[in-house]
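# sequence first, predicted model second:
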Amino acid sequence: QVQFVESGGGLVQPGGSVKLSCIGSGFMFDLHGMSWYRRAPGKDRETVSSITMHGDSTAYADSVKGRFTISRDNGKNTVYLQMDNLRPTDTAVYYCNADRAQRAEAILDGIPFSSWGQGTQVTVSS
């Protein structure tokens with residue numbers, strides 16, 4: 001079955017950096033775009049960033065543009081999110097998922113699989 005395992009979160013000071021990883025399994029990883037999502041307390045889930053199946057197109061939410069970088073390693077079935085210059089407003093549980101549709105360009109409103117991982121908590125605080 002489709003599974004996602006996120007890791008790499010933790011407590012970070014404002015202005016700090018962290019790199020998240022997500023391993024996908026149960027589907028053809030290199031045939032799907034991937035996205036990172038986050039859910040902050042009391043807020044709806046937000047798409048943070050997306051990347052196409054070959055990594056040649058990326059998209060970012062305005063709130064993270066210029067600070068976050070998404071990448072992938074298809075040989076390891078892994079997608080990454082490098083998060084720099086973190087702010088307290090970035091505090092959330094971060095999840096990854098795959099886009100069920102194949103696209104030539106990355107978009108933020110893809111169609112995720114119904115399965116979700118546990119996520120990884122990122123807390124930005126001094």
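Here it is on my side, so go on.
# show me the residue at the heart of this structure, geometrically.
Most central in the chain under Cα atoms, centre = their mean is W36, positioned 1.9 Å from the mean C-alpha point.
# secondary structure element holding that one?
Assignment of secondary structure by DSSP states H and E places W36 within strand 34-39.
# packing partners of the next helix or strand after that strand?
Under the assignment DSSP H and E, the closest C-terminal helix or strand after strand 34-39 is strand 46-51. Under the contact definition 3 or more Cβ pairs under 8 Å, 6 or more residues apart in numbering; DSSP states H and E, strand 46-51 sits against strand 34-39, strand 58-60, strand 68-73, strand 78-83. Backbone N, C-alpha and C define where each C-beta goes, glycine included.
# list the strands paired with the third one, with their directions.
Under the criterion DSSP bridges, strand 68-73 sits next to strand 78-83 (antiparallel) in its sheet.
# likewise for the first one?
Here the strand partners of strand 34-39, with direction, are listed using DSSP bridges: strand 46-51 (antiparallel), strand 92-98 (antiparallel).
# and the average pLDDT for it is what?
Looking at strand 34-39 alone, the average pLDDT works out to 98.
# pull out the buried residues from that strand.
Of the residues in strand 34-39, M34, S35, W36, Y37, R38 count as buried by neighbour count, 16 or more other Cβ atoms under 10 Å.
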